[in-house]
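> give me coordinates for this.
(2 chains)
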Protein chains: 2
Amino acid sequence: MSAFSLDRARSTRDAQRRLASAPGAVRTGILMRLADLLAERAGEILDANRRDLLAAAEVDLAAPLRDRLKLTEAKLETLHQGVRTLADRADPIGHTVGHTELDQGLVLRQVRSPIGVLLIIFESRPDAVVQIGSLALRTGNGVLLKGGSEARYSNRVLVDCLRSAVAAEGQAPDVVTGVEGRVAAQALLEHDELIDLVIPRGSGDLVRSIQSTTRIPVLGHAEGVCHLYLHADADPEMAARLAVDGKCDYPAACNATETLLVHRDFLQRLGPVVAALSEAGVELRCDPESRRYVPNAVAAGDQDGATEYGDLILAVRTVSGLDEAIEHIHRFGSAHTDAIVSESVEARQRFLTAVDSASVFANASTRFADGFRYGLGAEVGISTGRIHARGPVGIEGLLTTRWLLEGSGQAAGDYGPGKRQFTHRSLPSE
Amino acid sequence: MSAFSLDRARSTRDAQRRLASAPGAVRTGILMRLADLLAERAGEILDANRRDLLAAAEVDLAAPLRDRLKLTEAKLETLHQGVRTLADRADPIGHTVGHTELDQGLVLRQVRSPIGVLLIIFESRPDAVVQIGSLALRTGNGVLLKGGSEARYSNRVLVDCLRSAVAAEGQAPDVVTGVEGRVAAQALLEHDELIDLVIPRGSGDLVRSIQSTTRIPVLGHAEGVCHLYLHADADPEMAARLAVDGKCDYPAACNATETLLVHRDFLQRLGPVVAALSEAGVELRCDPESRRYVPNAVAAGDQDGATEYGDLILAVRTVSGLDEAIEHIHRFGSAHTDAIVSESVEARQRFLTAVDSASVFANASTRFADGFRYGLGAEVGISTGRIHARGPVGIEGLLTTRWLLEGSGQAAGDYGPGKRQFTHRSLPSE
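Prediction:
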């Protein structure tokens, strides 16, 4: 990466600090302007997208990737609405989350603050420029956007819309900066003094490769090997419905169900579940015990029960009870989302308490693990990490806190045994 | 590292999951038992510590390190009290931090949960075994403790106290596991499937070297280059008091003041500040402009103003005003703790809003940046990272959240345009 580019990243940090300390109305104004620009420049955006689609056709890009690449009037309208909704949200910056009197005239507040400069690495979908860019602006963060080269022209116009909206409110446009080329992104990963958080939106392999090569924290997402456990007393009709929804609603999603764990005593009542899944075209890969209850079952191989199929395939495993189910989930799962179907309050509570996953459900489909469904508004992504933000991540994932202390001349040496004592009195947060 | 040791780390995760889903009374009981054991086995602990001190004398370990290594009856009593206090604290696990009705009979809760398995890497001070070990147990985490070889014998006995306390409550002792040797620790850093968070307690170099070699998130601490900015209207007496406290209360601390930024218009009134600092034995390294007001000043070199001295040395820099002070802090500081002295509410507010540091103070010493002083109770450390936990980190830094969804058979496919709508109704948190 040329020195020029690193200078641009430095300039993003300076611009971000100005934006972060500006009044909330400035950030709201930027989002309003961005929403307008998406409408005003729709023709230009769609033209650029057509250039990307032509290039994609030439290199024979796979059909699903082309679908994700393609922008439409409808997709632009959705983006426009999303940005408007974000503009209407209360400004999160400076919100007090903790408030303590340390002593008379010495008051501590913990307030929400932007993280700083984010590096977003994403593939194919140019929508991500607007979705993540607008989230970053709402939360006062600077953002370096590295999109896939297949969306080059679309990304350029969309980044320009973001920068123009920023400039229209008198802020430095470099708070949003496009990055092109793998080499440039790789070079940025070496600069933890310029970038505070990397958010890769792509495969688990991409995430792991980035984690291995940078000191910068990564908010990422590995695979989702999600389980649905049918307890001995599960309602067969509910079990069938949740298994079909979990597997078939969107098989490529990370929150799709991949393994059905079945209590031995439920096997006799597995009929309706098998029938519903078969009707939905799902291939069942069964262990020897469950296989006797599944007509046309495929025998499970070594990897079945530990695989994210992303397809209409479901592993079926028999377990002797709740403890074995939980043990299986801990051993073979990915701590993403796991669910139980049971009529017993005790079994459900035990499952909810013991399963060490980001999302743990009782009598509901694994597909509910999603920022929109959780009511978080915008979604940054689903994190399979355990620190900072876990599971579906909303605006809070792009915020940190600062500690503000207002005194009247106090020195730390004034406090201690035989000297002044701290009061540590809790004050109302807002 | 032998396969045996990795098996022990695996066993720590299993043990941790059992501990995490046990009732809070179990974790409280363990801490009560630990407090008792520290008293009952005090003789044995001090004997082991004497062996470490003898070995330290043989290799001529530096005096400050020997001080940190040494345990006394008084230090053991402090540890005992700390563990008792922690035992008395409410169990944080399962505490609801978010509560939303997604639809009738479909309720989402976000609850506090342990992070999982922590790897703590620390030097010299055997106290850390008890301090961090007890924090980990209170929060339901498993912990691998890698101490310095100079405290080998002390650490072994203290780890054994922790394990005995765990076993006494019927839990698996491997939830606390000692790790010896650099090679073993290095090998563990490769296993992000066994360890969820690394907490190095040591130099900034140690932290950075760990961050460079592992995919596991690191909660660490780089240097503290903290500033005290004297605005044009600062009260000279208050400025003198806060400069002396910030520099001299404990010069080796990361929250000690390293650079004094002085508004040009304050220079004429710098006399009392210089006098107080000189009397306290502080060497002042001044830029040309401030030097004219400081008798016996040393001329500042290239690195002064960007250095953590850890000693009775203070850089002095003249600035033209608030904006230049803020710019200097952003450019040369470490975003740890920075303070302003000013009689003007506007100047203080602008400083508190604009300075992008973990702790930002007005009219108070930088030395207040500390978990105990903030009223967090126990302190895990001070983080200079920006995500998860920033600044002084208490118990919350060892916790994450899980999302628990309780339904009555809902499928995600039931919701959408023309179908069921989410209510997303906020419910009381606790």
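
> contacts only, for residue A:270.
By CB atoms under 8 Å, 6 or more residues apart in numbering or on different chains, the contact list for residue A:270 reads A:230, A:236, A:262, A:290, A:293, A:294. Backbone N, C-alpha and C define where each C-beta goes, glycine included.

> run a quick neighbour tally on residue A:303.
10 (other CB atoms under 10 Å in any protein chain shown).

> so it lies in a strand, does it not?
No: assessed with DSSP: H, G, I helix; E, B strand; the rest coil, residue A:303 is coil; it does not lie in a strand.

> which residue ranges of the stretch 101-250 of chain A form strands?
A:106-114, A:117-122, A:142-146, A:176-179, A:197-201, A:226-230 (DSSP state E, counting those that start in this stretch).

> returning to what we had before: among the contacts of residue A:270, name the ones in helices.
A:236, A:290 (DSSP state H).

> drop anything exposed from the contacts of residue A:270.
A:230, A:236, A:262, A:290, A:293, A:294 (16 or more other CB atoms under 10 Å in any protein chain shown).

> before we move on, back to that, would JSON lines of the strands of the stretch 101-250 of chain A with distance to residue A:162 and mean pLDDT be doable?
Output for the strands of the stretch 101-250 of chain A, formatted as JSON lines (distance: least, CB to CB, whole Å; pLDDT from 0 to 100):
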{"stretch": "strand A:106-114", "distance to residue A:162": "16", "mean pLDDT": "97"}
{"stretch": "strand A:117-122", "distance to residue A:162": "12", "mean pLDDT": "94"}
{"stretch": "strand A:142-146", "distance to residue A:162": "8", "mean pLDDT": "97"}
{"stretch": "strand A:176-179", "distance to residue A:162": "4", "mean pLDDT": "96"}
{"stretch": "strand A:197-201", "distance to residue A:162": "16", "mean pLDDT": "92"}
{"stretch": "strand A:226-230", "distance to residue A:162": "35", "mean pLDDT": "98"}
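
> can you list those in TSV and add distance to residue B:174?
Shown next, in TSV, are the strands of the stretch 101-250 of chain A (distance: least, CB to CB, whole Å):
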stretch	distance to residue B:174
strand A:106-114	36
strand A:117-122	38
strand A:142-146	43
strand A:176-179	45
strand A:197-201	34
strand A:226-230	26
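
> closest to chain B out of the contacts of residue A:270?
For the contacts of residue A:270, the closest approach to chain B (CB to the nearest CB) belongs to residue A:236, at 11.5 Å.

> so who does the closest one touch?
Contact analysis of residue A:236 by CB under 8 Å, 6+ apart lists A:269, A:270, A:271, A:272, A:273.

> which strand or helix spans the last one?
Per DSSP states H and E, residue A:273 falls inside helix A:271-279.

> confirm for me that residue A:228 is in contact with residue A:261.
Yes: with contact defined as CB atoms under 8 Å, residue A:228 counts as touching residue A:261 (7.1 Å).

> distance from stretch A:395-412 to the middle of the chain?
Stretch A:395-412 has its C-alpha centroid displaced from the chain centroid by 27 Å (CA atoms, centre = their mean, to the nearest Å).

> what about it and chain B, touching?
Yes: Stretch A:395-412 lies within reach of chain B by CB under 8 Å from any CB of the partner chain, at A:400-412.

> for chain A, which helix is longest?
From DSSP H, the single longest helix across chain A is helix A:3-21.

> which helices and strands sit right next to that helix?
strand A:106-114, strand A:117-122, strand A:142-146, strand A:176-179, helix A:182-188, helix B:345-354 (3 or more CB pairs under 8 Å, 6 or more residues apart in numbering or on different chains; DSSP states H and E).

> tell me, how many residues neighbour the nearest residue to residue A:9 once chain neighbours are set aside?
Spatial nearest neighbour of residue A:9, chain neighbours left out: residue A:194 (4.5 Å); criterion: CB to CB, 6 or more residues apart in numbering or on different chains. For residue A:194, the neighbour count with other CB under 10 Å is 19.
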